[in-house]
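Novice: Make a model of this:
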Amino acid sequence: MGSQNIIISEVGPRDGLQNCRAVMPLDAKCRWVTALAGAGLREIEVGSFVSPKLLPQMADTAEVVAHALTVPDLTVAVLVPNLKGAQSAVEAGAHKLTLPLSVSETHSIRNIRRTHEEVIAEAKAIAALLRAIPAERRPHFEGSLSTAFGCTLEGKIPDAKIFRLAERLMAAGCDEVGLSDTTGYGDPASMKRLIRGVRAAVGADKLTGVHVHNTRGLGLANVLAAFEEGITTFDSSLGGLGGCPTAPGASGNVVTEDLVFMFEAMGVPTGVNIEALMACRSIVAEALPDEELYGFTPRAGLPLGYAPTNETRI
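Specialist: Residues are numbered from 1 along each chain as shown. Below you'll find the predicted structure:
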């Protein structure tokens, strides 16, 4: 198990903050990103290029990207809902772009105001934009299959539809697809089934990451199931912040602190110093005093005799 080179992709500054009532000040966001990277996180989704009228929490994403680009050895990721957002992300210099395609078309329309056909058209336009950039500077382009495990608006989505949309995203020009349990409907069995099905449709190397919510307490179980299927990138959020504003009842992400502890306890290196990671919570608590931070590991503390894996970088 320990041979897999896994990446914990921190999404708190995007997915976490978009669901918060208050807006975190730019200075706090930048300090948070710096502290997360200092704890050993190698990939951080720092924001989304969406209309500030819809999500004022994301209005300063370009400034956060600019700061994140000054942090050594950090992959700076952003979410883009359309070509306009992708153009802004490219101008800002982001390393990775994620376009969400909700396999529930009802959620897609509510979330980014696009039908499936319109999202595929946006994917083609974004891919064309990126092809014009020299390969050494070209951002990585991921299409995220959101609500893949079920939707609070439509319920269960047929597997065949999910696999077909994965194929269409790849045909449109995405570098890879990701599976997202936006609503926390997933379980370990469905996680394994969908990973196998999507990989059969687009290729094993074209699905490397999952985005898991902990709505019903199965977040870590679903991550472990994905890990056993060979997935290497796992999204999570410090303190479990996050959710989906357009999916009623979809609560927070997997807690980064608990995720890191689980892998390190298993002997799987994450490259993250968990004590430095937990210290990041104070930045968020100070900037967003009304937001509850979750996590069993921060509350219980590390067990007596705990030692991280030898390959941990810090």
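
Novice: Helices along the stretch 201-314 of the chain, start to end?
Specialist: Secondary structure of the stretch 201-314 of the chain, counting by DSSP state H, counting those that start in this stretch: helices at 219-228, 256-265, 274-279, 281-287, 296-300.

Novice: Can you tell me which of those is most buried?
Specialist: Highest mean neighbour count of those: helix 256-265, a mean of 25 (counted as mean count of other Cβ atoms under 10 Å). Every C-beta, even on glycine, is put in place using the N, C-alpha and C of the backbone.

Novice: What angle do helix 219-228 and it make with each other?
Specialist: Between helix 256-265 and helix 219-228, the angle comes out at 50 degrees (axes from the mean of the first three to the mean of the last three Cα atoms, to 10 degrees).

Novice: Distance to Leu54 added to the helices of the stretch 201-314 of the chain, as JSON lines?
Specialist: JSON lines is the format used below for these (distance: least, Cβ to Cβ, whole Å):
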{"stretch": "helix 219-228", "distance to Leu54": "27"}
{"stretch": "helix 256-265", "distance to Leu54": "26"}
{"stretch": "helix 274-279", "distance to Leu54": "30"}
{"stretch": "helix 281-287", "distance to Leu54": "21"}
{"stretch": "helix 296-300", "distance to Leu54": "32"}
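
Novice: Excluding covalently adjacent residues, which one is nearest to the residue nearest the centre of the chain?
Specialist: With distances taken as Cα atoms, centre = their mean, Asp235 lies nearest the centre of the chain, 4.2 Å away. Leaving aside its chain neighbours, Asp235 sits nearest to His211 (4.1 Å; criterion: Cβ to Cβ, 6 or more residues apart in numbering).

Novice: And for the one you found, the neighbour number?
Specialist: Neighbours of His211 under the rule other Cβ atoms under 10 Å: 26.

Novice: beta partners of it?
Specialist: Taking DSSP bridges as the rule, His211 bridges to Ser180, Asp235.

Novice: I'd guessed it sits against Ser180; true?
Specialist: Yes - between His211 and Ser180 a contact is recorded at 4.0 Å, counting by Cβ atoms under 8 Å.

Novice: Identify the contacts common to these two.
Specialist: Common neighbours of His211 and Ser180 (criterion: Cβ atoms under 8 Å, 6 or more residues apart in numbering): Ser144.

Novice: wait, isn't the residue nearest to the centre of the chain in contact with Thr208?
Specialist: No - here Asp235 lies out of contact with Thr208, judged by Cβ under 8 Å, at a distance of 11.7 Å.

Novice: Tell me where the model's unsure across this structure.
Specialist: 1-4, 243-251, 310-314 (pLDDT under 70).

Novice: rerun that using 80 as the cut-off
Specialist: When residues are selected by pLDDT under 80, those of the chain lie in 1-4, 243-251, 309-314.

Novice: in it, which spans are strands?
Specialist: 7-10, 43-48, 75-79, 96-102, 140-146, 176-181, 207-212, 233-236 (DSSP state E).

Novice: want to try CSV for those strands, with distance to Ala276 as columns?
Specialist: Converted to CSV, the strands of the chain look like this (distance: least, Cβ to Cβ, whole Å):
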stretch, distance to Ala276
strand 7-10, 13
strand 43-48, 14
strand 75-79, 19
strand 96-102, 23
strand 140-146, 27
strand 176-181, 27
strand 207-212, 23
strand 233-236, 16
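
Novice: What are the boundaries of the helices in the stretch 51-200 of the chain?
Specialist: Assigned by DSSP H, counting those that start in this stretch, the helices in the stretch 51-200 of the chain fall at 61-68, 83-92, 105-112, 116-131, 159-172, 188-202.

Novice: Reformat the ones you listed as a markdown table; add mean neighbour count and distance to Ala307.
Specialist: Formatted as a markdown table, those follow (neighbours: other Cβ atoms under 10 Å; distance: least, Cβ to Cβ, whole Å):
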| stretch | mean neighbour count | distance to Ala307 |
| --- | --- | --- |
| helix 61-68 | 21 | 31 |
| helix 83-92 | 19 | 40 |
| helix 105-112 | 20 | 43 |
| helix 116-131 | 18 | 43 |
| helix 159-172 | 19 | 40 |
| helix 188-202 | 18 | 28 |
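
Novice: how about those helices, which one is nearest Leu54?
Specialist: Ranking these by proximity to Leu54 (Cβ to Cβ) places helix 105-112 first, at 9.6 Å.

Novice: what about dumping the CA coordinates of that closest one to CSV?
Specialist: The C-alpha trace of helix 105-112 is given here as CSV (Å, rounded to 0.1, in the frame of the first residue of the first chain):
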residue,chain,number,x,y,z
GLU,A,105,-28.4,18.2,-15.6
THR,A,106,-30.8,19.8,-13.1
HIS,A,107,-27.9,20.5,-10.8
SER,A,108,-25.7,21.7,-13.7
ILE,A,109,-28.3,24.3,-14.7
ARG,A,110,-28.7,25.5,-11.2
ASN,A,111,-25.0,25.4,-10.4
ILE,A,112,-23.4,27.0,-13.5
